[in-house]
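Student: okay, sequence plus prediction incoming.
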Amino acid sequence: GAGAVSFAHIVKASEPVVTCALNAVLLGQVLPVPVYLTLLPIIGGVAIASMKELSFTFLALGAAMLSNVSSAARGVLSKKTMTGKQIGENLDAQNLYAVLTAMSTCILIPMMLAIEGTGAFKAFGEVVAKGTYTKKALASLLAMGGASYYAYNEVAFLALGKVNPVTHAVGNTIKRVVIIVASVVAFKTPMSTGSIIGSSIAIFGTLLYSLAMNATKKSADADKKK
């Protein structure tokens, strides 16, 4: 890869900041300053929890930031589509994600073949040749992985249809802490001191974000009643 996985996770923890900027530019939604401030412990906590071996390269930084911008843009533009005028029959959150997936598949398959050629099929054959998996077992694992990832993203789009894009980005960021904790429970992976401290800060930051958003909603509701 272009750099250490932990470095990529630290950069990707800044996704809520990118989402805030795009949310303001594309949707015209500017949240109160206290809400933005609560993003700092979330981003910092995830960064601390992800910090292991770091190998900085501009390629890794650029790739991670491009991922941030792409993910934030997808969330904000999808939210804009969901809340705008009717653009098609039965085009709810689930169907919108299905359409986007079909479009991206049509775009990415030719790109994959142009850049990688038949490398994926060669790699598949090499794994089977090692004897670790049969063709059927490996194909089944790949299919299950694809189905699980599709289900995860569809649920994410369902959530996006009901919350602010910034809230959605916060959930996507705190997911990294959940993965760390889940790996401890499922695989008995020991947590480093940094992981414990970072996870605690991020979870506390998420609580602050939730309280700040609730206070904002109550204030907005009170203003409407006046």
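Tutor: Nice, thanks for sending it over.
Student: now name the helix or strand holding Met103.
Tutor: Met103 is part of helix 93-116, with elements assigned from DSSP states H and E.
Student: can you tell me which helices and strands the longest helix seen in the chain packs against?
Tutor: Secondary structure of the chain per DSSP state H: the longest helix is helix 193-225. Helix 193-225 makes packing contacts with helix 33-37, helix 39-50, helix 165-187 when contacts are defined by 3 or more CB pairs under 8 Å, 6 or more residues apart in numbering; DSSP states H and E. For the C-beta atoms, the positions are set from N, CA and C on the backbone; glycine is no exception.
Student: past the least confident helix or strand in the chain by mean pLDDT, which element shows up next along the chain?
Tutor: Least confident helix or strand of the chain, by mean pLDDT, DSSP states H and E, is helix 5-12 with a mean of 68. Sequence-wise, the next helix or strand downstream of helix 5-12 (DSSP H and E) is helix 15-22.
Student: of all the helices and strands packed on helix 193-225, which lies closest to Ser70?
Tutor: Closest to Ser70 of these, according to CB to CB: helix 165-187, at 12.4 Å.
Student: adding distance to Gly198, mean neighbour count and mean pLDDT, write the helices and strands packed on helix 193-225 out as JSON lines.
Tutor: As requested, the helices and strands packed on helix 193-225 are exported to JSON lines (distance: least, CB to CB, whole Å; neighbours: other CB atoms under 10 Å; pLDDT from 0 to 100):
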{"stretch": "helix 33-37", "distance to Gly198": "18", "mean neighbour count": "14", "mean pLDDT": "87"}
{"stretch": "helix 39-50", "distance to Gly198": "3", "mean neighbour count": "23", "mean pLDDT": "81"}
{"stretch": "helix 165-187", "distance to Gly198": "8", "mean neighbour count": "18", "mean pLDDT": "77"}
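Student: okay, buried residues for the longest helix of the chain please.
Tutor: Going by neighbour count (16 or more other CB atoms under 10 Å), the buried part of helix 193-225 is Ser195, Gly198, Ser199, Ile201, Ala202, Ile203, Gly205, Thr206, Leu208, Tyr209, Ala212, Met213.
Student: nearest to Leu77, of the residues you listed?
Tutor: Met213 (21.6 Å).
Student: name the nearest residue to that closest one, ignoring sequence neighbours.
Tutor: With CB to CB, 6 or more residues apart in numbering as the criterion, Met213 has its nearest non-adjacent residue at 6.1 Å, and that residue is Val35.
Student: low-confidence regions, the chain specifically.
Tutor: For the chain, the stretches flagged by pLDDT under 70 are 1-7, 9, 52-56, 84-90, 189, 221, 224-226.
Student: look up how far Gln94 lies from the residue positioned nearest the centre of it.
Tutor: The chain has Asn172 as the residue nearest its centroid, 4.2 Å off, counting by CA atoms, centre = their mean. Per CB to CB, to the nearest Å, Asn172 is found 18 Å from Gln94.
Student: what of Val35?
Tutor: 29 Å.
Student: cool, Val128 as well?
Tutor: Counting by CB to CB - Val128 and Gln94 are separated by 35 Å.
Student: quick one on the thing from earlier: how far does the longest helix of the chain sit from its chain's centre?
Tutor: Centroid separation between helix 193-225 and its chain, computed with CA atoms, centre = their mean, to the nearest Å, is 19 Å.
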